[in-house]
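**Q** predicted model, plus sequence, below.
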Amino acid sequence: MSMMRTILALLPLLLPVSGWAEEEEPLDPPPKPPEKPVVEKIDDSHYRIGQVTLDKATREIRFPAAVNMVEGPLEFLLVHVRGKVHESLFSTEVSPTHLNLAFTLLRYTPSPELYATDSPPEHEAGSKFPEVAADVKAAARVNIKVEWSDKGEVKSFPVNDWVLHTTTAKAMPAGPWVYGGSEFSAGRFQAESTGDMIAIFLSSAALLNYPGQDDRDDDVWTPFTKRVPPIGTKVTLVISPNSPVKTDTKP
């Protein structure tokens, strides 16, 4: 199958329809629809979608971002530059649609496990959640690390190390994030519409969410100021499977 036919065949998978979460507030004015994604082959293993690169052998995804905050309450790890930048550690110009296509091409499976099927009050956890098979949960879990250049030296750390829990005075516990795939609502792909990309405080619009304790508390998370470089520092976010899975992925 040609590259373009593959893209067209997979585009519907970018916008998973679901009814398990309330709609997020869209950007005002709403963003222009992204141009049709084009997958560019770099070599036998690597591909590029806009500013996103993916490796079909390791299922690693890489894209540029910048430090957006060094203090203050966090609800997001990453948002689009037109999104909720006042509460996100990083911002990026990368299209959420492009990033989601990378997940789709690498056969990541979205899990709705974090989204209550009832309607809990704002800032409170629900009591009913969808049943999700263990293999789907495992396939949806990814690790995120941050890379940046410091005086000519490339450094790399788990991104959790840059987020501080103000009550425990410790870094966010190590562990994976959950790929939920965002949702399609009112004719719009919510990650693209809201700019939510990677959420600490649970967001149904975000592509990825933090699944740990206090994911419904918007007061306890801040940047780990002693570890985070200055605002504007260019970084690369690297997403990889939590448990390597053998695959014959062919973008």
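**A** On my side now, so go ahead.

**Q** and the helices in the protein?
**A** 3-10, 96-105, 134-140, 190-194 (DSSP state H).

**Q** could you dump the ones you listed to JSON lines with mean pLDDT and distance to Val79?
**A** C-beta coordinates here come from the backbone N, C-alpha and C atoms, glycine included. Shown next, in JSON lines, are the helices of the chain (pLDDT from 0 to 100; distance: least, Cβ to Cβ, whole Å):
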{"stretch": "helix 3-10", "mean pLDDT": "44", "distance to Val79": "25"}
{"stretch": "helix 96-105", "mean pLDDT": "94", "distance to Val79": "9"}
{"stretch": "helix 134-140", "mean pLDDT": "94", "distance to Val79": "21"}
{"stretch": "helix 190-194", "mean pLDDT": "89", "distance to Val79": "8"}
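
**Q** most tightly packed of these?
**A** helix 190-194 (a mean of 27; mean count of other Cβ atoms under 10 Å).

**Q** in CSV, could you pull the C-alpha coordinates for that helix?
**A** Output of helix 190-194 as CSV, limited to C-alpha atoms (Å, rounded to 0.1, in the frame of the first residue of the first chain):
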residue,chain,number,x,y,z
GLN,A,190,-10.7,17.9,21.2
ALA,A,191,-6.9,17.8,21.6
GLU,A,192,-6.7,20.1,18.5
SER,A,193,-9.6,22.2,19.6
THR,A,194,-8.4,22.8,23.2
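
**Q** gap between it and the chain center?
**A** Counting by Cα atoms, centre = their mean, to the nearest Å, helix 190-194 is centred 12 Å from the centre of its parent chain.

**Q** which other helices and strands does it contact?
**A** helix 96-105 (3 or more Cβ pairs under 8 Å, 6 or more residues apart in numbering; DSSP states H and E).

**Q** what's the helix it packs on packed up against?
**A** Using 3+ Cβ pairs under 8 Å, 6+ apart: helix 96-105 touches helix 3-10, strand 46-49, strand 52-55, strand 60-67, strand 188-189, helix 190-194, strand 196-199.
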